[in-house]
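# sequence below, structure please.
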Amino acid sequence: MDHLEMGQVTPSPAPDATTQAPMDHSTMRHGMAAEGEHADHETMTGALGPYPMTRESSGTAWQPDMTEHMGWMGRSGDWTLMTHGVLNLVYDHQSGRRGDDKAFVSGMLMGMAQRPIGDGTLQLKAMVSPDPLMGRSGYPLLLASGETANGTDRLIDRQHPHDFFMELSASVSQSIGGKGSAFIYAGLPGEPAFGPPAFMHREAILDSPEAPISHHWLDSTHITFGVVTGGLVLDRVKLEVSRFNAREPDQHRWNIETGPLDSTSVRLSWNPARELSLQASWGHFEDPEQLEPGVDQKRWSASALYAREIVPGWKLSGTLAWGRKTIDHHGESLKDDAYVAEASVKHSNWTVFGRGEITENRELLDLEEHGAAYRVGKVSVGAVRDFRIAKHFTLGAGGLLAVNFVPDGLAPLYGGRNPIGAMGFLRLKLD
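Residues are numbered from 1 along each chain as shown. Below is the predicted model of the structure:
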């Protein structure tokens, strides 16, 4: 097997993506750097269309072409192989009456294989996570809610662990002439065409070990047990439709679940420039909540992702996103919004990152019926320093501080209007 070294790669400004030959598989197979040099991901074609590989993120989502890709890469015959992994050891402190302390591990290990097929690409992906090791109740995270620890009680002020199997998927694309392609993607589990890339894949915030409190508005579908997506790509525009099982994963985190593909989502993506990726999406979610049988949701999402080298050696990434959940309750349409802003600046081995969020949450009180929506917010800021310890491994040390904002109606439950959260972490990264 011919191993090729790959590290963190920022695409060079030229050539522009629009000048690339569609589905150039000779480039995909051979346009890599020689042994001992960094290969350029931009010389490789994406799995879903004739554009740089750097445009592709979680599931079938897009990100800016200027986004860094990290991973060890190699080749075996016609197959291009990639693997990437992150393992976090985190100590978490959440203050106030609803807070708690916990040490836990989190992360993911991903493998990908691509090869030419006809005038397109076959891609296989697998991703697993150590999250179930933290226990069914996850880790303390003030103002977070969603899913269940035991099939009976909601997880409130805690982030649930992700399932061991995060993705097992396959996709096939074929050229339709010029700069266009058609593709089909299927996963068990997989990610339907809704929202921005999942939070652990967004460059602006992937260095943070904490989940966003807006997770269940924007990207909770990144682990969906059954999805089929069909899409069309025309240069910088992508339109895709998914049928999927919207039921969120249950408390059994080590298994693979099945269910009917009874929900639908539609997403329109546009990368107007190499530094910018836009998307708008809509979904009808059939019976998504385990503890609310028979209650459907409609969701909307819009986002903008940005990535650019602002001066030599300094990389800026950002996210702006909005999500809305709508349910019909006793003849009334309840609409709850979430807003997110994320940013990071990278220089050499240092990364500074931050996130601000606002959510309208009806789940912070454990009620059987939908109560009032409380508008809550959070701001977190952190940093991490990476150290190269081996050819394909780095060790990082970092921390973050978060300030939460709760309204007067919830302040007595939290012991004040501004409870604090903090995390310290060590990170082992395979790249």
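
# isn't Thr258 up against Thr224?
No - using CB atoms under 8 Å, Thr258 is not in contact with Thr224, being 11.4 Å away. Yep, even glycine has a C-beta here, placed from its N, CA and C like the rest.

# overlap in contacts, those two.
Each of Asn245 lies in contact with both Thr258 and Thr224 under the rule CB atoms under 8 Å, 6 or more residues apart in numbering.

# between these two, which one's more packed in?
Shown here are Thr258 and Thr224; by other CB atoms under 10 Å, Thr224 has more neighbours (28 against 10).

# need the contact list for the more buried one.
Counting by CB under 8 Å, 6+ apart, Thr224 has contacts Gly187, Pro189, Gly190, Glu191, Pro192, Phe244, Asn245, Ala246.

# try 6 Å
Contacts for Thr224 were tallied using CB atoms under 6 Å, 6 or more residues apart in numbering; they are Pro189, Gly190, Pro192, Phe244.

# for Leu143, same thing?
The contact partners of Leu143, by CB under 6 Å, 6+ apart, come to Ile213, Val376, Lys378, Asn404.

# mind telling me what element it is part of?
strand 139-148 (DSSP states H and E).

# give the pairing partners of that strand; include direction for each.
Note on strand 139-148: by DSSP bridges, its sheet partners are strand 154-159 (antiparallel).

# can you identify the element that follows the strand it pairs with toward the C-terminus?
Where DSSP H and E defines the elements, the next helix or strand beyond strand 154-159 is strand 165-175.

# any idea of the mean pLDDT in the next helix or strand after that next one?
Sequence order places strand 180-187 as the next helix or strand after strand 165-175, per DSSP H and E. Mean per-residue pLDDT for strand 180-187: 98.

# tell me how far strand 180-187 is from the chain's mean position?
Centroid separation between strand 180-187 and its chain, computed with CA atoms, centre = their mean, to the nearest Å, is 19 Å.

# next: stretch 211-221.
Taking mean C-alpha positions (CA atoms, centre = their mean), stretch 211-221 and its chain are 9 Å apart.

# out of the contacts of Thr224, who's the most crowded?
That'd be Pro192 among these, by other CB under 10 Å, with 32 neighbours.

# wait, that residue touches Ile223, no?
No - under the criterion of CB atoms under 6 Å, Pro192 makes no contact with Ile223, lying 10.6 Å away.

# who's in contact with stretch 379-390?
With CB under 6 Å, 6+ apart as the test, stretch 379-390 has contacts from 207-208, 349-356, 394-400, 402-403.

# let's see 8 Å
Under the contact criterion CB under 8 Å, 6+ apart, stretch 379-390 has outside partners 207-208, 210, 349-357, 394-403, 405, 421, 423, 425, 427, 429.

# give the buried residues for that stretch.
Across stretch 379-390, burial judged by 16 or more other CB atoms under 10 Å covers Ser380, Val381, Gly382, Ala383, Val384, Asp386.

# who's Thr45 bridged to?
Pro52.

# measure it to Ala307 for me?
19 Å (CB to CB, to the nearest Å).

# okay, now Thr351: neighbour count?
If you count neighbours by other CB under 10 Å, Thr351 ends up with 21.

# show the pLDDT at it.
Reported pLDDT for Thr351: 98.

# ditto for the one 10 residues further on
Looking at Asn361, its pLDDT reads 95.

# okay, now the closest residue to Gln279 other than its chain neighbours: neighbour count?
Excluding the flanking residues, the one nearest Gln279 by CB to CB, 6 or more residues apart in numbering is Ser269, at 4.5 Å. Residues lying near Ser269 (other CB under 10 Å) number 24.

# pretty sure Ser269 is touching Lys238, no?
Yes - using CB under 8 Å, Ser269 is in contact with Lys238, at 4.3 Å.

# overlap in contacts of these two?
The contact lists of Ser269 and Lys238 share Trp62, where a contact means CB under 8 Å, 6+ apart.

# for stretch 400-418, buried residues please.
Result for stretch 400-418 [16+ other CB under 10 Å]: buried residues Leu400, Ala402, Asn404, Val406, Leu410, Tyr414.

# cool, and stretch 97-111?
Neighbour counts over stretch 97-111 (16+ other CB under 10 Å) mark Arg98, Gly99, Asp100, Lys102, Phe104, Ser106, Gly107, Met108, Leu109, Met110 as buried.

# just the CA atoms of it, as CSV, please.
Output in CSV follows, covering the C-alpha atoms of stretch 97-111 (Å, rounded to 0.1, in the frame of the first residue of the first chain):
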residue,chain,number,x,y,z
ARG,A,97,-27.9,24.6,41.8
ARG,A,98,-28.3,22.7,38.6
GLY,A,99,-24.6,22.3,38.0
ASP,A,100,-22.3,19.3,38.5
ASP,A,101,-18.8,18.2,38.0
LYS,A,102,-17.6,15.3,35.8
ALA,A,103,-14.5,13.9,34.0
PHE,A,104,-15.3,12.2,30.7
VAL,A,105,-13.9,11.1,27.4
SER,A,106,-15.4,12.2,24.0
GLY,A,107,-14.3,12.3,20.4
MET,A,108,-14.6,10.3,17.2
LEU,A,109,-12.6,8.1,14.8
MET,A,110,-13.5,8.3,11.1
GLY,A,111,-12.5,6.3,8.1
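
# quick one: distance of it to the chain centre.
Centroid separation for stretch 97-111 versus its chain: 16 Å, with CA atoms, centre = their mean.

# what about it, average pLDDT?
Mean predicted lDDT for stretch 97-111 stands at 97.

# which among the buried residues of stretch 379-390 gets closest to Gln174?
Asp386 (39.6 Å; CB to CB).

# ok, back up a step: and the buried residues of stretch 97-111 as JSON lines, adding secondary structure?
Putting the buried residues of stretch 97-111 into JSON lines (DSSP: H, G, I helix; E, B strand; the rest coil) gives the following:
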{"residue": "Arg98", "secondary structure": "coil"}
{"residue": "Gly99", "secondary structure": "coil"}
{"residue": "Asp100", "secondary structure": "coil"}
{"residue": "Lys102", "secondary structure": "strand"}
{"residue": "Phe104", "secondary structure": "strand"}
{"residue": "Ser106", "secondary structure": "strand"}
{"residue": "Gly107", "secondary structure": "strand"}
{"residue": "Met108", "secondary structure": "strand"}
{"residue": "Leu109", "secondary structure": "strand"}
{"residue": "Met110", "secondary structure": "strand"}
